[in-house]
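In: Pasted the sequence and its predicted model underneath.
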Amino acid sequence: MPPAIELIGIDKRFGAVHANRSVTLAIERGTIHGIVGENGAGKSTLMSILYGFYEADAGEIRVNGQQERIRSPADAIRAGIGMVHQHFMLVEPLSVLDNVMLGAEGGALLRNGAARARAEMARLARDYGLVIDPDSVVGELSVGLQQRVEIIKALYRGADILILDEPTAVLTPAEADALFALLKALKAQGKTVILITHKLREIMAATDRVSVMRRGEMVTTLDTARTSPVELAELMVGRRVLFRIEKAPHAPGPPLLEVEELSVTDSRGVLRVDKVSFAVRAGEIVGIAGVAGNGQSELLEALAGMRRPAQGTIRLAGRTLAPAEHDPHRLRRLGLLHVPEDRLRTGLVASFPAFESAALGFTDDPAYGKGPFLDHRRMIADLERRMAAYDVRPPDPRLKTSKFSGGNQQKLVLAREIERGPQVLLVGQPTRGVDIGAIEFIHRRLLSLREAGVAILLVSVELEEIMSLSDRILTMCGGRITGERVSAGADERDLGLLMAGVEEAA
Amino acid sequence: MNPPRDLPKWADVALVPALSVAAAFLVAGLVVLGIGENPLAATRHLVFGSLGSGEGLGFTLFYATNFIFTGLAVAVAYHAGLFNIGGEGQATLGGLGVAIVGLEAGVLPAVLAIPLAILAAAAFGAAWAFIPGYLQARRGSHIVITTIMFNWLASVLLVYLLVNVLREPGSMNPETPGFAPQVQIPFLHDVLARLGITIPPSQLNLSFVLALAAAYGVWLLIYRSRLGYAIRVVGANPQAAVYAGISPERVTIVAMLLSGALAGGLAVNELMGYQHRLLLEFTAGYGFVGIAVALMGRAHPVGIVLASLLFGMLYQGGAELAFEQPKITRDMIVVIGGVIILFAGALDGLFRRLVARLVAPARLAEA
């Protein structure tokens, strides 16, 4: 029997970037096949070629042994390939049924199509356990269920081969386990699943075979049962990687950031943070663990002065902040610095040259120029120095911000904020979209700040990161703090339950 | 006006606009051919009419002065992410400011009266832009809609004032009496004549120098000042502005004030430099063409000055052309101008993509 997918000599360049170098890969039918690699290794490009977003410069795609020319997602769907994107492509105000039918309504009138979709959904629920109410509104579903709708959509369109791009980034551990159980059920029915992820734990738990990509090349394909996370990490990076960070034991000092009964509403008036109280002490990293969208972002933004809290008090180094001081600019002067969660949307200006992005928030610094003017030479010299200290590549201050890789953009932000000598540092998703080499670097920087007596509040959806960096862990769910654990001896299961909102008995 | 793809700088600032203009002339040439005239002869009349004589050049630069002011006005707002369509109205109000000083300043010497009248033009233009800016910042009323409405309001207000309040007593024309000589900006031929240099007379006056100074000032402001930095952050990424502690509301208002003040420059050139009185519809669409100028000049002062020269040529050369080849009427000139706006503005992306494919294959960052 021919493999479900054969990619032969796939080559793709984007200008100077050689994203895929003659990649060859075979995916056997009825298996779960993992693809791992650092950011920029070329795995997303490869899948985009398979799904018809890009056309390869050279190479051949065979589906079930037949050569296919896939030039658009429509071609891919026709060939039986479905894709579940990291960011869902759903219409939130519409019902599950509407979303499933969307683009496959089967005629100008909806009635027949709707009946067919309903019947098909009943069959999928029976065969795979994909149970969901077709009439519920998508926007009201949990993230895990929304993902289920995406999978149903792909199957409804006749997908035999399902590509999932970083499917667990938005899920709780329990939801992730449910997803893997579902993938195994799909496999049992003869479907083929391609799983793109950078979480090695998931590769080990869910896949039959795993392919490793590095710098656009396919390094190797292994049987999952015969490999280990350590081996995979080494193959991904091309060198040995330290997994556990050694953290010096350290006695924290006085509380520098204290939050009491803080509530935050979003722009639509929905309560996002609900009477949260905690403190971060000097020389301490407090991690906030939670599934994305449970109020962590709003909490960070409120603490950074970007959002006005609805109620509650914030104390900085023992002093209660006046409402007028609740402004990013004022807070920065008071020693509260902020590495935002979304560096490109918030922390940098993509279209600016790096030296201008690196001054964001600090343009009133007299070192950057006299009077109303900014001295570009001084700004460039300043960034050159910091680029050297943070090993930003390429070390070109005039390069457009968007041209740097994710890890180097993050270093630009970190260099800007850390170099200003924070008392309190708010850090959101410090290593999202950052490759392993840069992750190590960023983690070490944060730990050295901790040793220097900075109070650090860390928000991350990577539980592993929270557990390895933090001294204490707070879990957030639905805008409330659902638990607190000391990191040493914290247990992933236990944290997962807290993140899912199972509050501990007082 | 931000390039959708990354091009080498020379291609972005020179090749793409040149291609747009060339294509526009090609299409315009076909239109001329279609009505049975010789496009080459038409091009010759256009170019010689606008650049071939001292007088023609003077008129070209006079028109260019108007375009520089209105183009800069659009560009400053654009850098803050605002599409200011209200140049016409803001210039109209600027004219009112000029008129008030121009009619009352008979007691002042020129060194005081001229700067005062220029300030009045800027202040009135800024004030007219403030209201849409404020409504956008605080109420979220869309700036495109409000500035268009304010063009009409300004136009009707001017009619009312000229008919009922400011009209010269006994005159049937809806225009003010002539301004005091102290607020008249001297013609360039007069200035040079005093230095013993003779050039053919035209409407070109020292406002042109003011326009160039304004272009330099806008460059300094946008690309070298802290305020300009804030304006560009708000335009490029409002969320990053909030993060940085820059208030998008404040910047929106400030940018609109500056934009309106620059639009007032149109009144300086037209009224203080040439008409020496306030009259109906002196803005004559320059405010709207300023949008095309800014678009073509990529919102950069150098580009705006160059685009203004092109449109100045088109206005002056077009008038000559209509005179020399009567089958090509004034309306045809409007068509040609429209074709250029279409190619340089709306279809700019077409050439950009084409050039991008030829010179630098798209570099998409891998997600």
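Out: Cool, the structure landed. Computed from a predicted model, the values in this text were never measured in an experiment.
In: where does A:Gly287 fall, phi/psi-wise?
Out: Main-chain dihedrals, A:Gly287, degrees, to the nearest 10: phi -100, psi 140.
In: And B:Val334, by the same measure?
Out: phi -60, psi -40.
In: Within range of chain A, give me the residues from the stretch 201-350 of chain B.
Out: Counting by CB under 8 Å from any CB of the partner chain, the residues of the stretch 201-350 of chain B close to chain A are B:220, B:224-227, B:229-230, B:232-233, B:236-237, B:239-240, B:242-246. Using the backbone N, CA and C atoms, a C-beta is placed for each residue, glycine as well.
In: and with 7 Å instead?
Out: Remark: the part of the stretch 201-350 of chain B in contact with chain A comprises B:224-227, B:229, B:233, B:236-237, B:239-240, B:242-245, using CB under 7 Å from any CB of the partner chain.
In: Report the buried members of those.
Out: Neighbour-count burial (16 or more other CB atoms under 10 Å in any protein chain shown) is assigned, among these, to B:225-227, B:229, B:233, B:236-237, B:239-240, B:242-245.
In: Taking those residues together, which two end up most distant?
Out: The most widely separated members of those, counting by CB to CB, are B:Ser225 and B:Gln239 (22.3 Å).
In: mind listing the strands for the stretch 101-250 of chain A?
Out: For the stretch 101-250 of chain A, the strands defined by DSSP state E, counting those that start in this stretch cover A:161-165, A:192-196, A:209-214, A:217-223.
In: looking at these, which is closest to chain B?
Out: Closest to chain B of the strands of the stretch 101-250 of chain A, according to CB to the nearest CB: strand A:161-165, at 8.9 Å.
In: got the contact list for that closest one?
Out: A:4-5, A:44, A:47, A:50-51, A:80-86, A:154, A:186, A:191-196 (CB atoms under 7 Å, 6 or more residues apart in numbering or on different chains).
In: Find the nearest non-adjacent residue to B:Leu310, please.
Out: Closest residue in space to B:Leu310, ignoring its immediate chain neighbours: B:Val21 at 6.8 Å, by CB to CB, 6 or more residues apart in numbering or on different chains.
In: Would you enumerate the residues in contact with the one you found?
Out: Contacts of B:Val21 (CB under 7 Å, 6+ apart): B:Leu310, B:Ile340, B:Ala344.
In: circling back to that earlier point, nearest to B:Ala213, of the strands of the stretch 101-250 of chain A?
Out: strand A:161-165 (54.4 Å).
In: Summarise which helices and strands the longest helix along chain A is packed against.
Out: If you go by DSSP state H, chain A has its longest helix at helix A:110-128. Other elements packing on helix A:110-128 under the criterion 3 or more CB pairs under 7 Å, 6 or more residues apart in numbering or on different chains; DSSP states H and E are helix A:96-101, helix A:143-156, helix A:173-188.
In: same thing but 6 Å
Out: Contact partners of helix A:110-128 among helices and strands, from 3 or more CB pairs under 6 Å, 6 or more residues apart in numbering or on different chains; DSSP states H and E: helix A:96-101, helix A:143-156.
In: For the residue nearest to B:Leu310, give its distance to chain A.
Out: In this view, B:Val21 and chain A are 26 Å apart by CB to the nearest CB, to the nearest Å.
In: helix, strand or coil for that residue?
Out: Using DSSP: H, G, I helix; E, B strand; the rest coil, the structure places B:Val21 in helix.
In: For residue 259, grab the count of nearby residues.
Out: Looking at chain A here, since you left the chain open. Neighbourhood size, A:Val259 [other CB atoms under 10 Å in any protein chain shown]: 22.
In: Chain B is the one I meant
Out: Residues near B:Ser259, counting by other CB under 10 Å: 31.
In: element containing the nearest residue to it once chain neighbours are set aside, please.
Out: Nearest non-adjacent residue to B:Ser259, counting by CB to CB, 6+ apart: B:Ala77, 4.0 Å away. Applying DSSP states H and E as the criterion places B:Ala77 in helix B:54-79.
In: List the contacts of A:Arg209.
Out: A:His33, A:Asp223 (CB atoms under 6 Å, 6 or more residues apart in numbering or on different chains).
In: So for A:Leu299, which of the strands of the stretch 101-250 of chain A sits nearest?
Out: Among those, if distance is taken as CB to CB, the winner is strand A:161-165, at 28.0 Å.
In: Quick one: mean pLDDT for that closest one?
Out: If you average the pLDDT over strand A:161-165, you get 92.
In: measure B:Val268 to chain A for me?
Out: From B:Val268 to chain A the distance is 24 Å (CB to the nearest CB).
In: ok, that residue - how many residues close by?
Out: Neighbours around B:Val268, by other CB under 10 Å: 32.
In: Name the nearest residue to the residue of the stretch 301-450 of chain A found nearest chain B, ignoring sequence neighbours.
Out: Distance from chain B to each residue of the stretch 301-450 of chain A (CB to the nearest CB) is smallest for A:His329, at 2.9 Å. Of all residues not flanking A:His329 in the chain, B:Gly245 sits nearest, at 2.9 Å (CB to CB, 6+ apart).
In: for chain B, what are the nearby residues on chain A?
Out: A:14-15, A:19, A:40, A:44-45, A:306, A:327-329, A:340, A:345-346, A:349, A:351, A:360-361, A:363, A:372-374 (CB under 6 Å from any CB of the partner chain).
In: Quick one, which of the contacts of strand A:161-165 are buried?
Out: Judged by 16+ other CB under 10 Å, buried ones among the contacts of strand A:161-165: A:4-5, A:44, A:47, A:50-51, A:80-85, A:154, A:186, A:191-196.
In: All good on my end, thank you.
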